[in-house]
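1. okay, sequence plus prediction incoming.
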Amino acid sequence: MAEIRNVRIYMADLKPKVKRVDAIQSFVSQETPFVEITDSDGVSGRGYSYTIGQGGPAVMALLRHTLAPQLIGREAEEIERIWRDLLFSTHATAVGAITSLALAAIDTALWDLRCKRARLPLWRMLGGAKDRVPMYTTEGGWLHIETQALVDDALSAQAMGFAGSKIKIGRPHLSEDRARLKAVREAVGDAYEIMVDANQCFSRAEATRRARILEEFNIGWFEEPMPADDVMEHARLAAHTSVPIAVGESLYSLSQFKDYLVNGAAGIVQADVARIGGITPWMKVAHLAEAHNVPVCPHFLMELHVSLVCAIPNAPWLEYIPQLDSLTASTMRMEAGSAIPSNTPGLGIDWDEDKLAAARITPFDADFSQ
């Protein structure tokens, strides 16, 4: 038995290294809830999730007052049972971002604990489909960046072995988006992938107009063209463009992904392990996508997603946005434009305890013990 004896929660606040602006928001801060779970044998697992700028205190309140106390005395290996019990204990707030983010911090901690007990890295525990994955970079493609800087970043990434770059779109007129994409395509050539992300800013009419431009430059995918809760509009758009439609970072349940897939509304699934509620539901989404012959290209959280995409066969890309450098002693391993998952038992993230302590927002700390 691996009975849970202690649960500790706390939150860190991270500042991005570069300015990050898209069509709807500026990414100025990352509030990062953490959960540490220790079992009766003294083995501990650490999990986390995130919010962009706001909402962290709400996630911490749900953990503190509702979810974390329920873990004490539970069998840590019963991850599926724990996940479902916690979900149904908060049914009045699910499905939604705050509940999913809180569940994810717990679920990833339990998987970290399980892997450490088994002495296996996460990517092997979950399937071990491959030992590396190609990366594309988003970090140099933000909406405020001028055209020449977009070109320079894409060329630099290409020289380092990256196979693609993502560029934010949603400038006031489509001619601006077109000029930026044209400049990058001419610089990198036809064999380098360019993806675009609209961050839900368009109506279907405008998304259809912009999709014609994307076809002109052989764009790899059109990410979040419209509000993510409108499945049928995405299905209609997908039926009228050859550019794959990518969605998922703003979906919070397996059923929401099912609706997209059965309606042919998504050509790329971008499940986010934090926003879907953890590793347990993320793997279900990945297998559901595989059943529909749809690839999984997750959103953000590269240090955690690297293990998940290497666990499954249908994940061709990892998004490069460095997130945890200020909290870790070493960075995710990269080689010739590919990411390589850690072979250390657990999530494989090399946390620096001193850096974590310095980044903590102490009013949100709480500790629960048997």
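-> That came through, no problem.
2. my read: residue 367 touches residue 8, true?
-> Yes: between residue 367 and residue 8 there is a contact at 5.0 Å, judged by Cβ atoms under 8 Å. Any C-beta I mention is one placed from the backbone N, CA and C, and that applies to glycine too.
3. who has more neighbours out of the two?
-> Legend: neighbour count by other Cβ atoms under 10 Å for residue 367 and residue 8, higher for residue 8 (18 against 11).
4. that one belongs to a strand, doesn't it?
-> Yes: applying DSSP: H, G, I helix; E, B strand; the rest coil, one finds residue 8 inside a strand.
5. got a list of what it touches?
-> 35, 36, 38, 365, 366, 367, 368 (Cβ atoms under 8 Å, 6 or more residues apart in numbering).
6. can you flag the buried ones in those residues?
-> Burial by neighbour count, 16 or more other Cβ atoms under 10 Å: within the contacts of residue 8 this picks out 35, 36, 38, 368.
7. which SSE is the third one in?
-> Meaning residue 38. strand 30-39 (DSSP states H and E).
8. for that strand, packing partners?
-> strand 4-14, strand 44-48, strand 51-52, helix 56-62, helix 97-118 (3 or more Cβ pairs under 8 Å, 6 or more residues apart in numbering; DSSP states H and E).
9. take the ones you listed and write them to JSON lines, including distance to residue 319.
-> Listed next are the helices and strands packed on strand 30-39 as JSON lines, based on distance: least, Cβ to Cβ, whole Å:
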{"stretch": "strand 4-14", "distance to residue 319": "17"}
{"stretch": "strand 44-48", "distance to residue 319": "17"}
{"stretch": "strand 51-52", "distance to residue 319": "15"}
{"stretch": "helix 56-62", "distance to residue 319": "22"}
{"stretch": "helix 97-118", "distance to residue 319": "17"}
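10. any idea which of these is most buried?
-> Highest mean neighbour count of those: helix 97-118, a mean of 25 (counted as mean count of other Cβ atoms under 10 Å).
11. check which helices and strands that helix is in contact with.
-> With contacts taken as 3+ Cβ pairs under 8 Å, 6+ apart, helix 97-118 sits against strand 30-39, strand 44-48, helix 56-62, helix 79-89, helix 122-125, helix 279-291.
12. break this protein into its domains for me.
-> Here the domain parsing of the chain from automatic domain parsing is 4-119+352-369, 123-340.
13. excluding its backbone neighbours, what's nearest residue 127?
-> residue 311 (4.2 Å; Cβ to Cβ, 6 or more residues apart in numbering).
14. and stretch 277-288, average pLDDT?
-> The pLDDT scores in stretch 277-288 average 98.
15. ok, now stretch 306-320?
-> Per-residue scores along stretch 306-320 average to 98.
16. ends of it, what's the gap?
-> End-to-end distance for stretch 306-320, by Cα to Cα, to the nearest Å: 10 Å.
17. off-centre distance for that stretch?
-> Remark: stretch 306-320 is offset 11 Å from the chain centroid, using Cα atoms, centre = their mean, to the nearest Å.
18. list the buried ones in that stretch?
-> Quick answer for stretch 306-320 (16+ other Cβ under 10 Å): 306-312, 314-315, 317-320.
19. which ones among these map onto strands?
-> 318, 319, 320 (DSSP state E).
20. ranges for the helices of the stretch 151-300 of the chain?
-> For the stretch 151-300 of the chain, helices defined by DSSP state H, counting those that start in this stretch occupy the ranges 174-188, 204-216, 231-238, 254-262, 279-291.
21. all good on my end, thank you.
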